[in-house]
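Trainee: whatever this is, show me its structure:
(chains A and B)
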Number of protein chains: 2
Amino acid sequence: MPVHTALGRVLAADVTSPADLPPFDRSAVDGWAVRAADVASAESDHPVRLRHAGEVRMGEAAALTVSPGDAVRIPTGGVLPDGADAIVMQEHVEAHLPVILVRRAVPSGDNVVRRGIDLRAGEVVFRRGRRLRPADLGMLAGLGLAEVEVTLPPRVAILATGDEVVEPGRPLAPGRVRDMNSPALAGAVQAAGGVAVLCGIVPDERGAVEEALRRAVASHEMVLVSGGSSVGDRDVASDAIAALGPPGIIVHGIAVRPGKPTVLAASGEVPVIGLPGNPVSALVIFDLFARPVLEGLLGVDPASRPWDLVRARLVAALPAAGAREDHRRVRLEARPDGLWAAPLPAGSQVLTSLVHADGIVVVPASSAGYAEGEEVEVRLL
Amino acid sequence: MPVHTALGRVLAADVTSPADLPPFDRSAVDGWAVRAADVASAESDHPVRLRHAGEVRMGEAAALTVSPGDAVRIPTGGVLPDGADAIVMQEHVEAHLPVILVRRAVPSGDNVVRRGIDLRAGEVVFRRGRRLRPADLGMLAGLGLAEVEVTLPPRVAILATGDEVVEPGRPLAPGRVRDMNSPALAGAVQAAGGVAVLCGIVPDERGAVEEALRRAVASHEMVLVSGGSSVGDRDVASDAIAALGPPGIIVHGIAVRPGKPTVLAASGEVPVIGLPGNPVSALVIFDLFARPVLEGLLGVDPASRPWDLVRARLVAALPAAGAREDHRRVRLEARPDGLWAAPLPAGSQVLTSLVHADGIVVVPASSAGYAEGEEVEVRLL
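Mentor: Okay, the predicted model is just below:
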């Protein structure tokens, strides 16, 4: 795709520099190109006299040659003319054309940006799997590339199940709830670089869910289905996932709170992830399991991003989690003495904890928990 | 716009909850709805006998009433039936229908999520100016909103000036350089939430630049022009900006390195920012000055995001900056003893420093600089 539209896309192949960067020796300043030996004795009180021998024009090859005793006017970025090996900044020169007085000595190479100093032809600039940032687009253009080869974003089907779940815009009968997971997961998929395809709400019937999942698997690179996977009376989603064929369910139930009823499965080569119906749990589990899978499909280099983790002190204790790893939402506060993390309500029923959270603190299973004031690691949302 | 497509958009108005959330008292677990007083004496060895009095179905109003001695089956999320004030989890119940044995006492309110506990009708959920995250989309949908009022992204014109600057895909004659700023700034504008409009490369002539700027100002909400603003022979961009009319140039030249020749101006209500031609400088200055302006036009709440700043120790000293504030690019490394920041080459001529940087460390003007191993604040890119 065109380089200037490729923000956030992932490189499908290594990018090597087709040429040296910069492609020629050039001036780092506005000044005069000279032979360093000519001005070795220059001082502010004892200037060296040189002959004005022309001007390097911006964007043009230097047709001039700097002979002993010559000085050539040169702008920032101008091509260093033959014979010259240094630039005197214009503030150290007094021009009385055709004579110029140089009042400061420069060592050879001074104020010159050497050809290839930044990149050599053939050098790898970017590895495949890099997610392109604004500066990267500039660099790709600097290499002379108008287009760049990126991976195709995976299409991710998003299904909600549940007899009680109601589509947006429709009236809410007593006992019913809104479908929060579909839009939240659509946003999470998009933020991770995928294309979210909303497949609507499926009633809690094994046949209907299985049929919807089969259709989703057939035409998407990944499938997310939320709700219906709790181990209870209404376990239709996990039964339907199990019926999709090999390799089928790999994990059903994880020692994480919230998110216990998570299902990790695949049908052929299509990953199928069963997320809890509760929106808080669904987003926590998306981040833990679905995002890495999506990034894998997208070809993202899994190199860690250490700055997604910050350290903060706890405003209040986070008690022991019991037998499950507890993923607690926290709000961050910058105080004069550093960053603090305020735990939000633990229950996955408190939906507003989703929108107030800046990050997650993991309380390990069977641990003593964390004390008030203790420094912990916060994974940023 | 539709809620599920509103990721990253900025709210144009406060959002209040149209109803209580949750809209009814509901069960937090799979279990049995009871009157807490009936099971006050229950112990694992001495169960209390209750009558099975029906079942709450998911997504339906509870037509049942729980009378003394009754227990009603209820799923997670089910509506609490009249008369009941607590839920016993199913693992503490033995069913021998129509008799059930309860082996654990529950206090009144146990496992019940109260109507309005999360949000009360009329309560402000989001303030205008909030940039929507995935969880926010879920919350908006949970409030019953199918659409949401967001601000229109500002259209930002991007012009490059310079006789030496060549468009992508065209051959590079000797002495010429590629236009790196247009794609880099397009990415930066897009990342900040604006719509980037590339207006091409304008030759270094006062009339041509002024004409291009006038057209850009007439049909965009913001204008960025890079190159040509250094104080020297070729100062056409700043002259052209000055000619655009009041209020005109507000700042020309700043005590920041890189980025000294920056121009901050406005023509009528349209901000016009003159950025350095050097791509490293242009992106540093975009972040410092253009992004806040763009976010202001977009209506983003300027509340600080403290987690954009991390603390890291310096792998090498950052020496004194002199009279200008020095914005040094650093690469972050996660080591067992914490986060470290490795300074990248200082010169704005080293273009690869752009793509290797994870953040910026500011060395204050006229300071002593920072020592190796010293802890500094890093602004993440």
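Trainee: wasn't residue A:261 part of a strand?
Mentor: No. Assigned with DSSP: H, G, I helix; E, B strand; the rest coil, residue A:261 falls outside any strand and is coil.
Trainee: my guess is it contacts residue A:278, does it?
Mentor: No. In this structure residue A:261 lies outside contact range of residue A:278 using CB atoms under 8 Å: 9.4 Å. For every residue, glycine as well, the C-beta is placed using N, CA and C.
Trainee: where along chain A do the helices fall?
Mentor: All helices of chain A, identified by DSSP state H, fall at A:134-142, A:181-192, A:206-219, A:236-242, A:279-285, A:291-298, A:352-356.
Trainee: any chance of JSON lines for those helices, columns distance to chain B and mean pLDDT?
Mentor: Output for the helices of chain A, formatted as JSON lines (distance: least, CB to the nearest CB, whole Å; pLDDT from 0 to 100):
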{"stretch": "helix A:134-142", "distance to chain B": "3", "mean pLDDT": "94"}
{"stretch": "helix A:181-192", "distance to chain B": "3", "mean pLDDT": "96"}
{"stretch": "helix A:206-219", "distance to chain B": "14", "mean pLDDT": "96"}
{"stretch": "helix A:236-242", "distance to chain B": "11", "mean pLDDT": "91"}
{"stretch": "helix A:279-285", "distance to chain B": "5", "mean pLDDT": "92"}
{"stretch": "helix A:291-298", "distance to chain B": "10", "mean pLDDT": "95"}
{"stretch": "helix A:352-356", "distance to chain B": "4", "mean pLDDT": "86"}
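Trainee: same list (these) but as CSV, adding distance to residue B:364.
Mentor: Listed next are the helices of chain A as CSV, based on distance: least, CB to CB, whole Å:
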stretch, distance to residue B:364
helix A:134-142, 24
helix A:181-192, 35
helix A:206-219, 56
helix A:236-242, 57
helix A:279-285, 40
helix A:291-298, 38
helix A:352-356, 35
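Trainee: ok, for the residue nearest to the spatial centre of chain A, nearest residue in space, not its chain neighbours?
Mentor: The geometric centre of chain A, computed from its C-alpha atoms, lies nearest to residue A:131 (CA atoms, centre = their mean), at 5.6 Å. Excluding its sequence neighbours, the residue lying closest to residue A:131 (CB to CB, 6 or more residues apart in numbering or on different chains) is residue A:10, at 5.3 Å.
Trainee: read off the pLDDT value for the one you found.
Mentor: According to the prediction, residue A:10 has pLDDT 96.
Trainee: so residue A:83 touches residue A:70, yeah?
Mentor: Yes. Residue A:83 is within contact range of residue A:70, at 7.3 Å (criterion: CB under 8 Å).
Trainee: which one of the two has more residues nearby?
Mentor: Using other CB atoms under 10 Å in any protein chain shown, the more surrounded residue of residue A:83 and residue A:70 is residue A:70, with 22 against 17.
Trainee: so what pairs up with the more buried one in the strands?
Mentor: Under the criterion DSSP bridges, residue A:70 forms beta bridges with residue A:51.
Trainee: distance check, it against residue A:81.
Mentor: 9 Å (CB to CB, to the nearest Å).
Trainee: cool, and residue A:224?
Mentor: Look at residue A:224 and residue A:81: by CB to CB, they are 63 Å apart.
Trainee: and residue A:29, by the same measure?
Mentor: 15 Å.
Trainee: same question, residue A:109
Mentor: With CB to CB as the criterion, residue A:109 and residue A:81 are 15 Å apart.
Trainee: what about those two, which has more around it?
Mentor: Neighbour totals were compared for residue A:109 and residue A:81, and residue A:81 leads with 22 against 13 (other CB under 10 Å).
Trainee: was I right about that one contacting residue A:73?
Mentor: No. Contact between residue A:81 and residue A:73 fails when scored by CB under 8 Å: they sit 10.3 Å apart.
Trainee: give the intersection of the neighbour lists for those two.
Mentor: Any residue near both residue A:81 and residue A:73 by CB atoms under 8 Å, 6 or more residues apart in numbering or on different chains counts here, and that gives A:33, A:56.
Trainee: how about the helices of chain A in CSV, adding mean neighbour count?
Mentor: Shown next, in CSV, are those (neighbours: other CB atoms under 10 Å in any protein chain shown):
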stretch, mean neighbour count
helix A:134-142, 27
helix A:181-192, 27
helix A:206-219, 17
helix A:236-242, 22
helix A:279-285, 28
helix A:291-298, 19
helix A:352-356, 20
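Trainee: mind checking which of these is nearest residue B:319?
Mentor: Residue B:319 lies closest, by CB to CB, to one member of the helices of chain A: helix A:134-142, at 24.3 Å.
Trainee: for residue A:321, grab the count of nearby residues.
Mentor: Neighbours around residue A:321, by other CB under 10 Å: 21.
Trainee: for the closest residue to it other than its chain neighbours, give me its contacts.
Mentor: With sequence-adjacent residues excluded and distances taken as CB to CB, 6+ apart, residue A:321 is closest to residue A:363, at 4.3 Å. Residues near residue A:363 by CB under 8 Å, 6+ apart: A:318, A:319, A:320, A:321, A:325, A:326, A:328, A:369, A:370.
Trainee: most neighbours, which of those residues?
Mentor: residue A:328 (27 neighbours).
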